[in-house]
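> here is my input, please return the structure:
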Amino acid sequence: MSDIIKNRYEFVVLFDVENGNPNGDPDAGNMPRVDPETGLGLVTDVCLKRKIRNYVETVKEDSTGYRIYIKDNIPLNRSDAQAYAELELEPGKIKDLKKKDPDLDLKVRDWMCKNFYDIRTFGAVMTTFVKDSLNCGQVRGPVQLGFARSVEPIVPQEVTITRIAITTEADAEKKGTEMGRKYIVPYGLYRCEGFVSANLARKTTGFTDEDLSLLWEAILNMFEHDHSAARGKMAVRELIVFRHDSELGNAPAWKLFESVSVTRKNPDDTSPARSYYDYQITVDTDHLPAGVTCQRLG
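Have a look, this model is predicted:
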């Protein structure tokens, strides 16, 4: 693999949805998540990380070093057991083995980070190792995302739908169609902010320059292979990356985030936005702190 990253990064992701549900809330009948105080739409960090994981799994197909730890229908214990088998460790006897090898915790952690891209990137809680007295079950990853928040308030709409496929024979004798419903956001532009710690990459997971390039690729394409009836038209419009000249950074993250501005192209237009092109995105690169550069991708 390539070298471990040596620079800190912050980034801003702008993505939009048209006539879809970007992140349903199971506690609200799968209605799009909304901040009740402001009416702004929300998309959780967990949702976005799932899209990134799915993209990496799609393009890498479980190749060496790029397997995914948190994935559908694969119990975590199964992946944990592979580390035991590879390192020739016997579950239940770890305490005795640690007396002979004080570095056993680090060996297990490093094996998991080396083989699973999402652990190397986001970290993980590996319960099997915690229960087995290994001090490596909680790995803090160098890449973290915040919640995405819509630029303007959204108004989720409930759409009634019908289908002609009746579920049971008994129902088919009584009716010819069944009713259903789905929620959509007519249009929403969302903003998410994220962080990449070179310090954690060096000390903990070994996140590399190659991993970072794959991360940017995955973010830019995270909706391209995730289309569904609920998310038919979602797209990442822009990825704005701030690169520090040092491992620990040259400026506070909030200053960099505040340099990114999303406003209406026509300030006098009070009608609901229905397109990405209703907005203009500006980055105040003229006043970036010393030691920070900006790259706009997408």
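
> from memory residue 30 sits against residue 156, does it?
No. If you go by Cβ atoms under 8 Å, residue 30 and residue 156 don't touch, sitting 10.3 Å apart. (C-beta placed from N, C-alpha, C; glycine too.)

> what do the two both touch?
Taking Cβ atoms under 8 Å, 6 or more residues apart in numbering as the criterion, residue 30 and residue 156 both touch 21, 183.

> neighbour count for these two, which is higher?
residue 156 (20 against 15; other Cβ atoms under 10 Å).

> partners of the nearest residue to the more buried one once chain neighbours are set aside in the sheet?
Excluding its sequence neighbours, the residue lying closest to residue 156 (Cβ to Cβ, 6 or more residues apart in numbering) is residue 32, at 4.6 Å. For residue 32, the beta-bridge partners are residue 24 (DSSP bridges).

> and the pLDDT for residue 32?
At residue 32, the model reports a pLDDT of 96.

> and the gap between it and residue 25?
To residue 25, residue 32 is 7 Å away according to Cβ to Cβ, to the nearest Å.

> give me phi/psi at the residue lying closest to residue 23 once chain neighbours are set aside?
Excluding the flanking residues, the one nearest residue 23 by Cβ to Cβ, 6+ apart is residue 43, at 4.2 Å. Here is the backbone geometry of residue 43 (degrees, to the nearest 10): phi -130, psi 130.

> and the residue nearest to residue 156, what is it in contact with?
21-25, 41, 154, 156, 183-185.

> would a markdown table of those with distance to residue 295 and pLDDT be doable?
Shown next, in a markdown table, are those (distance: Cβ to Cβ, whole Å; pLDDT from 0 to 100):
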| residue | distance to residue 295 | pLDDT |
| --- | --- | --- |
| 21 | 31 | 95 |
| 22 | 25 | 96 |
| 23 | 27 | 96 |
| 24 | 33 | 93 |
| 25 | 34 | 93 |
| 41 | 27 | 97 |
| 154 | 29 | 95 |
| 156 | 34 | 91 |
| 183 | 36 | 92 |
| 184 | 34 | 93 |
| 185 | 29 | 95 |
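
> and which of those residues is nearest residue 166?
residue 183 (23.7 Å; Cβ to Cβ).

> what's downstream of the lowest-mean-pLDDT helix or strand in the chain, the next helix or strand?
Of all helical and strand segments in the chain, the minimum by mean pLDDT, DSSP states H and E falls on helix 127-131, at a mean of 76. Downstream of helix 127-131, the next assigned helix or strand under DSSP states H and E is strand 138-140.

> buried residues in that following strand, which are they?
Residues of strand 138-140 classed as buried: residue 139 (neighbour count, 16 or more other Cβ atoms under 10 Å).

> quick check: mean pLDDT of that strand?
90.

> repeat that for stretch 62-70.
94.

> and the closest residue to residue 116 other than its chain neighbours, how far from residue 85?
Distances taken as Cβ to Cβ, 6+ apart place residue 69 nearest to residue 116, at 4.2 Å, with adjacent residues excluded. According to Cβ to Cβ, residue 69 and residue 85 sit 16 Å apart.

> need the three-state assignment for residue 112.
Classification of residue 112 by DSSP: H, G, I helix; E, B strand; the rest coil places it in helix.

> right, and it touches residue 139 too?
Yes. Contact criterion Cβ under 8 Å: residue 112 and residue 139 qualify, at 7.3 Å.

> now do residue 153 against residue 20, distance only.
With distances taken as Cβ to Cβ, residue 153 is found 17 Å from residue 20.

> give me the more crowded residue out of the two.
residue 20 (23 against 13).

> identify the residues contacting the more buried one.
Residue 20 neighbours (Cβ under 8 Å, 6+ apart): 184-185, 230-234.

> perfect, that will be all.
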